[in-house]
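K.L.:
Kindly return the folded structure for what I paste below:
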Amino acid sequence: MRLRLLLISLLILPSYAVSVSLTIGSALNRPPYILEDTRSGLEIDIIKAAFREMGMSVNFKFYSRKRQLLYFNQERVDAVMTMSQLNGVRGYWSESYIEYDNVAISLASRQLKINSIAQLQNYSIIAFENARLLLGPEFAAVAAKARYSEVDNQLSQNNTLYLGRIDTVVADRYVFTALNQLVEQNVAPQQPVSYHLVFPPTPYRMVFHNSVARDIFNQGLAKIKANGVYEALVAQYLGRAVAKPKPLPSI
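P.N.:
Residues are numbered from 1 along each chain as shown. Here you go, the predicted structure:
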């Protein structure tokens with residue numbers, strides 16, 4: 001019923017007059033992309049800005065990845081974010097709205113030589129949840145050979161690396177750096193690390209239950225990329241200019 005009312009509202013009212021609020025399933029705290037306490041962060045603010053441009057508001061619910069997918073399939077949320085088609089979710093896919101800068105990270109003192117994904121098989125690895133799925137078949141093959149594990153709570157990646165219990169971490173470099181501030185009481189995050197740039201950027205989309213809301217998001221996203229809002233948010237949270245994304249195939 002709620003989705004039918006949403007569709008009627010979106011189809012009848014002009015975009016600037018739409019007052020319906022969408023509920024979006026977000027991952028748990030993942031600075032600087034998702035700041036759960038303040039309902040902000042680069043991803044959150046991009047999504048808010050895109051819908052605001054179209055006269056709509058959004059509400060975020062924060063879940064583990066498993067609950068994100070469960071509640072989307074149960075239609076308890078209207079959309080989920082930070083999604084890849086490799087997750088196997090059925091719905092209406094948005095354009096790519098963000099790219100994560102995934103890298104392999106090691107302690108600089110170890111002086112590890114890692115210039116390719118294949119070379120990671122020589123080391124123990126702790127990666128973010130679903131990395132084996134999201135980072136491509138070559139990395140999946142490495143994961144099958146190496147001493148490999150994945151974690152939902154990425155704080156454990158920082159702790160494990162700085163304590164010398166793992167050779168490499170696979171994570172977004174900005175997430176890893178931001179989480180250093182949360183592990184200072186347990187380890188010494190001031191230890192120098194090496195970033196091994198062996199992965200291409202990982203693009204993410206949103207997936208919706210209906211195509212109308214998806215199209216509105218895409219339109220808003222295009223507008224904030226054109227008017228400079230998107231670029232300003234990337235500079236605010238990541239301190240860098242917007243990378244030019246490679247075009248993705250149409251859905």
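
K.L.:
For whichever strand or helix holds Ser156, list the C-alpha coordinates in CSV.
P.N.:
Taking DSSP states H and E as the definition, Ser156 sits inside helix 155-162. Backbone C-alpha positions of helix 155-162 (Å, rounded to 0.1, in the frame of the first residue of the first chain) are rendered in CSV as follows:
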residue,chain,number,x,y,z
LEU,A,155,37.5,-1.7,13.1
SER,A,156,39.0,-5.2,13.5
GLN,A,157,41.0,-4.7,10.3
ASN,A,158,42.9,-1.8,11.8
ASN,A,159,43.4,-3.5,15.1
THR,A,160,44.7,-6.7,13.5
LEU,A,161,47.1,-5.0,11.1
TYR,A,162,48.6,-2.7,13.7
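
K.L.:
buried ones in that helix?
P.N.:
By neighbour count on 16 or more other CB atoms under 10 Å, the buried set for helix 155-162 is 156-162. Backbone N, C-alpha and C define where each C-beta goes, glycine included.

K.L.:
Stretch 216-232 too?
P.N.:
Along stretch 216-232, these residues count as buried under the neighbour rule (16+ other CB under 10 Å): 216-218, 220-221, 223-225, 229-230.

K.L.:
And the residues you listed, which is closest to Asn87?
P.N.:
Nearest to Asn87 among those, counting by CB to CB, is Phe217 at 18.0 Å.

K.L.:
Could you tell me how far the nearest residue to Leu238 once chain neighbours are set aside is located from His196?
P.N.:
Distances taken as CB to CB, 6 or more residues apart in numbering put Tyr174 closest to Leu238, at 5.8 Å, once the chain neighbours are dropped. To His196, Tyr174 is 16 Å away according to CB to CB, to the nearest Å.

K.L.:
before we move on, what about Gln181?
P.N.:
Distance of Gln181 to His196, computed by CB to CB: 23 Å.

K.L.:
These two: which has the busier surroundings?
P.N.:
Neighbour count, other CB atoms under 10 Å: between Gln181 and His196, His196 has more, with 20 against 10.

K.L.:
circling back to that earlier point, check contacts around the residue nearest to Leu238.
P.N.:
The contact partners of Tyr174, taken as CB atoms under 8 Å, 6 or more residues apart in numbering, are 32-33, 101, 237-238.

K.L.:
TSV for those residues, including secondary structure?
P.N.:
Output for the contacts of Tyr174, formatted as TSV (DSSP: H, G, I helix; E, B strand; the rest coil):
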residue	secondary structure
Pro32	coil
Tyr33	coil
Asp101	coil
Tyr237	helix
Leu238	helix
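
K.L.:
most surrounded residue in those?
P.N.:
Each of the contacts of Tyr174 was scored for neighbours by other CB under 10 Å, and Tyr33 scores highest at 25 neighbours.

K.L.:
For that residue, which non-adjacent residue is spatially closest?
P.N.:
Excluding the flanking residues, the one nearest Tyr33 by CB to CB, 6+ apart is Glu43, at 4.4 Å.

K.L.:
Is that neighbour in contact with Pro32, as I believe?
P.N.:
No. Glu43 is beyond contact range of Pro32, at 9.1 Å (criterion: CB atoms under 8 Å).

K.L.:
how close does the residue nearest to Tyr33 sit to Ala49?
P.N.:
Distance of Glu43 to Ala49, given as CB to CB: 11 Å.

K.L.:
what bridges to Ser21?
P.N.:
Counting by DSSP bridges, Ser21 is bridged to Ser57.
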